[in-house]
Every structure is written in structure tokens, then in C-alpha cells.
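S.K.: Need a 3D model of the following:
(chains A and B)
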Amino acid sequence: MIETQYIKKTHKEIDHSSNRLISDRHLHKHPYDPELLESIRDDILKPRTCKEFMDWLETHPHYDMVAEASSQFIRGTHQDDCFYQCAKINTDWSNITSRIQKYADENQINEKFDTNYTKEWRVFPMKEQKEFVPFRHNTELDNMRKHGFTKQYQLIEVTLTENFPELKQIEKLFDFEWGKADINYQPTSGQFPRHVDFLTTPFRRAIEEDPKIANTRYNPFTKTPEGYQMTRILIALEDWVPGQMFMFENYSWNNWKAGDTINFAWHSCRHSTSNCSYRPRPLMKISGMVKDGHWLTQKKFKEFKI
Amino acid sequence: MIRYSELKNKMLKDVASLQKDDFYLLEGKLIFKQEQKSLDAKKYLEKHYGNVEVLKANNHPHWNSQYKIELYFTGISEGVQA
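M.R.: Now for the predicted structure:
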């Protein structure tokens, strides 16, 4: 069988109006109609290849509802099935975080804090992002903004720059395929409302670069090509301070220490963050793919020293 | 982790009174149109998975149907699947 190879889109080639509604009056209201969610969920479960699914998702006019319908979470699920500590990384965190702070000061990340549409989403200039075209669906942002969530968090690029070589070294510890690391920097007053993910930025890159993955059956429960696990881990870069909130459904992650690393059910558990402290909250998030059998798929814990 | 769609398929197979359009998923809770059907479901879920809490459903003008009851689990053991 000949595998179909797809054309990679650059940021310039993406039609940013294609999935945009003319006004937020056309967005569905919260709480979403359970019947409508069920019909979207049935559609999500239809058999598709990864490429077919990505095309369906990208052009869907109501991504916000698709995301909600894609969650299969049942309340009462055990906390360890929502998130768990998968690693501890011991290194000189104060040196790293002081450089993050310097970078934030130089780029006025705290002062110019307003989460807008895709072009303004990342701190690192978009023109350099040839290999990693970020995915942000407009209806999701429109929906969040409609409810007042205009200051969410800032993403500081790690993988594509040489600004934070130690963090790139840490990224390599986890052996991700199609990996992508960013500092998820949440200035004070930032709030990201509850949502579930699709990890579409690394997923789309894998589809565009690897025809085998593009043509592999999509698993709508794990939101991953069959045989793989798309994974997202979060590494605390500073110790937790009171007021910094991170919720996974009805569970809270707090009291973290720099180097604590969690793995979580990003595909099912609605998660949300808020920074009501008086300190910025830097986390590193690494997203990518691992094959079934990788230690991160087996709820194992590892400690690293760098 | 229990997945809603798998749990629902199992419930439809095992609980004779339940039909596909009797209940749905809303923010992690099962939401039922009829109280009697929610009682049948509760009995089944408690037998197989653990304690189930019952709430009176909130209804909203932008929804297509009316609902009576919401059910949710209070403590499912780690790793349990439908």
C-alpha cells in the first residue's frame, strides 16, 4: 500500500479565518446541551486516520464543543488516574529561574500580558517557527474571551531557541518523539479556564512529517495514533507559593517543589490554572509522542540529576 | 480510567430499561431525563463500581430536552475500567 504524504503548512499558509465565527453570538452556550455533546462525541468516535481526524478537527466550526465532547471523564475517577508525579529532576533551579526572570523582564512578559489570537500567542517570533506551527482554534479563544479570560499565560519558547540549554537537556531525558517544550509562564492575575487538550501542535507536525503516522488509525480515547501515547508532562521550575492554583477536574495540584514533574490525563481531565499569588508561575511543559511500553505509559517514577 | 462511552455501552447492554437517549454525560456526571431510569442506573453502578451521589438536575433554556436527575461517583478505585 502506498502511504499518502501530505503537504506541510507553514504559519503563513494557514487560513486563520476558516474556523472563525462572525460573532461570539454564534458560539454555543455553557453548559453545553448534553444531547448535542453526545452527537458530537459519536462523530468523534467514527473511525478515521490521524490525518482525517486532524482535518475534521481543524475545520470544525465549534472546536470548543468538540473539545468538551472529547472528554470521557467520569467524576469520582481516582486522583492518580487524573495526574501523578512521574519524575523528580534535581538541578540548579535557581540559576535557571533567574534567567527566565531576566528573559521575562527584557521581553516585558509581565507588563504586556494579554492573551490574544495565534499570532500573538507565543513570545518567540512566529517567523522562526518553521517546524512547529502552533495550533490555536479561534472558537476556543473566542469562547474564553467571551467569558472574560483575556489574560491566560505566556509561552516562552524552549525547543527552537538556545536561550535555555539546560531545559533542552531536561527535555531529552524523556525521549519524546516529535517533542516540543515551552515554558508556560503565568504572570500574576493569569487564568486559563477549564479545558481538555488535543496536543495538536506536535500531533500535526508528526502527521505532516511522517506519512506512516498520518495514515495510522486515530484512537479517539487517547487522542493518539494507535500504538503510541501522546504525552504532556509539566515540570515545576520554582517552588509553589500560596495563591497558585492548578486543578484537574475535582483535584488540586499544589505544594510543588522545583523539579517535581507530573504526567496527566490531558485528553480527558478538564484542567484549569489561576495565579492569584504575587509571583509569576513558571512551569515547563513538554509534549510529544512515546510508543506503548515507554516508562511514561506505565505510571513509573524516575529521579534525575543534572 | 472509566471512559463514558464504554461505560454507557455496558449499561445499555446490562440494564434492560435503559435506551441510548435516556441519559448523557455532562461535565463528568450522568444526566437522566427520567427519575426511574436513573434509579435503575444507580442500582447497577453501585453494584459494580461504588457509591453514587444523586443530584436534582439543573435545566437551561438553550437545551433541547429537560432532565430530572444527575448521578456521579464519589470514589472509584485507581485503574478501574468500564
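
S.K.: Pull the number of nearby residues for residue A:215.
M.R.: Residues near residue A:215, counting by other CB atoms under 10 Å in any protein chain shown, number 19. The way it works is simple: take the backbone N, C-alpha and C, and place the C-beta from them, glycine included.

S.K.: That one and chain B: what is the separation?
M.R.: 24 Å (CB to the nearest CB, to the nearest Å).

S.K.: helices or strands up against the lowest-mean-pLDDT helix or strand in chain A?
M.R.: Ranked by mean pLDDT, DSSP states H and E, the helix or strand of chain A with the weakest confidence is helix A:138-146, at a mean of 82. Helix A:138-146 makes packing contacts with helix A:63-70 when contacts are defined by 3 or more CB pairs under 8 Å, 6 or more residues apart in numbering or on different chains; DSSP states H and E.

S.K.: Count the neighbours of the residue of chain B found nearest chain A for me.
M.R.: Taking CB to the nearest CB as the measure, chain B has residue B:73 as its residue closest to chain A, at 2.6 Å. Using other CB under 10 Å, the number of residues around residue B:73 comes to 22.

S.K.: Please apply the same query to residue A:90.
M.R.: Neighbour number of residue A:90 under other CB under 10 Å is 11.

S.K.: How about residue A:188?
M.R.: Residue A:188 has 16 nearby residues by other CB under 10 Å.

S.K.: quick one, phi psi at residue A:191?
M.R.: Backbone torsions for residue A:191, taken as degrees, to the nearest 10, come to phi -140, psi 130.

S.K.: Nearest residue to the residue most central in space within chain B in space, please, no chain neighbours.
M.R.: The centre of chain B sits closest to residue B:30, judged by CA atoms, centre = their mean, with a distance of 3.4 Å. Nearest in space to residue B:30, with sequence neighbours left out and distances taken as CB to CB, 6 or more residues apart in numbering or on different chains, is residue B:71 at 4.6 Å.

S.K.: pretty sure the one you found is in a strand, no?
M.R.: Yes. Counting by DSSP: H, G, I helix; E, B strand; the rest coil, residue B:71 is part of a strand.

S.K.: is it in a bridge, and if so with what?
M.R.: When bridges are called by DSSP bridges, residue B:71 pairs up with residue B:30, residue B:54.

S.K.: and if you look at residue A:49?
M.R.: In beta-bridge terms (that is, DSSP bridges), residue A:49 pairs with residue A:217.

S.K.: Contacts only, for it.
M.R.: Neighbouring residues of residue A:49 by CB atoms under 8 Å, 6 or more residues apart in numbering or on different chains: A:214-218.
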